[in-house]
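In: what's the 3D shape of this:
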Amino acid sequence: MNTKDQLCNDGTSWLYSETVKDHFFHPRNILLDEKNYEADGVGVVGSPACGDMMAVWIKVADTGRISECVWRTFGCASAIASTSMMSLMATEDGGMTLPRAKRMTPEAIIERLGGLPDRKYHCSVLGHLALREAIKDYEENHGART
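Out: Numbers count the residues shown, from 1 in each chain. This next block holds a predicted model:
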């Protein structure tokens with residue numbers, strides 16, 4: 001078996017891109033302890049019953065752009081890699097505007113990762129949904145609407 005191949009429970013294999021593996025083994029912007037982290041907005045999505053939980057904390061600059069996007073998940077390798085990439089996308093090049101960040105799609109994240117197995121698509125939605133919730137929380141608490 002090629003070292004890139006991963007086996008499913010049914011014995012079939014799928015391929016993770018080098019980018020997915022990099023973001024899984026070296027996640028960006030992960031927050032290990034939120035106790036002293038002061039965020040402008042917080043979003044939590046998922047279900048503890050099924051094990052997929054995602055939390056995203058954002059800071060918004062005076063320019064209305066996301067200056068920080070940190071996260072934590074209780075999810076699989078695809079969820080970790082997807083959210084790591086989402087956090088980079090939200091903050092690169094001076095940060096996304098809030099309207100643009102709300103339009104981020106799982107497909108855009110998957111494209112930047114170099115693809116995900118079809119059966120792992122659902123893992124890529126947690127991060128962008130939590131980001132939307134964090135933006136909503138920011139808007140509600142700061143009287144902003146984008």
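
In: residue 32 touches residue 72, doesn't it?
Out: Yes: between residue 32 and residue 72 there is a contact at 7.3 Å, judged by C-beta atoms under 8 Å. Where you see a C-beta, it was placed from the backbone N, CA and C, and this is true even at glycine.

In: which of those two has more residues huddled nearby?
Out: residue 72 (20 against 8; other C-beta atoms under 10 Å).

In: beta partners of the more buried one?
Out: Following DSSP bridges, residue 72 is listed with bridge partners residue 55.

In: which stretches of this structure have low pLDDT?
Out: Low-confidence segments of the chain, defined by pLDDT under 70, span residues 1-14, 48-51, 144-146.

In: run through the helices of it in chain order.
Out: All helices of the chain, identified by DSSP state H, fall at 18-25, 77-91, 98-102, 106-113, 125-142.

In: which one of those helices lies closest to residue 37?
Out: helix 125-142 (12.4 Å; C-beta to C-beta).

In: now do the buried residues in the closest one.
Out: 125-135, 137-139 (16 or more other C-beta atoms under 10 Å).

In: could you export those as CSV, including distance to residue 106?
Out: Shown next, in CSV, are the buried residues of helix 125-142 (distance: C-beta to C-beta, whole Å):
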residue, distance to residue 106
125, 5
126, 9
127, 8
128, 6
129, 9
130, 12
131, 11
132, 12
133, 15
134, 16
135, 16
137, 21
138, 21
139, 22
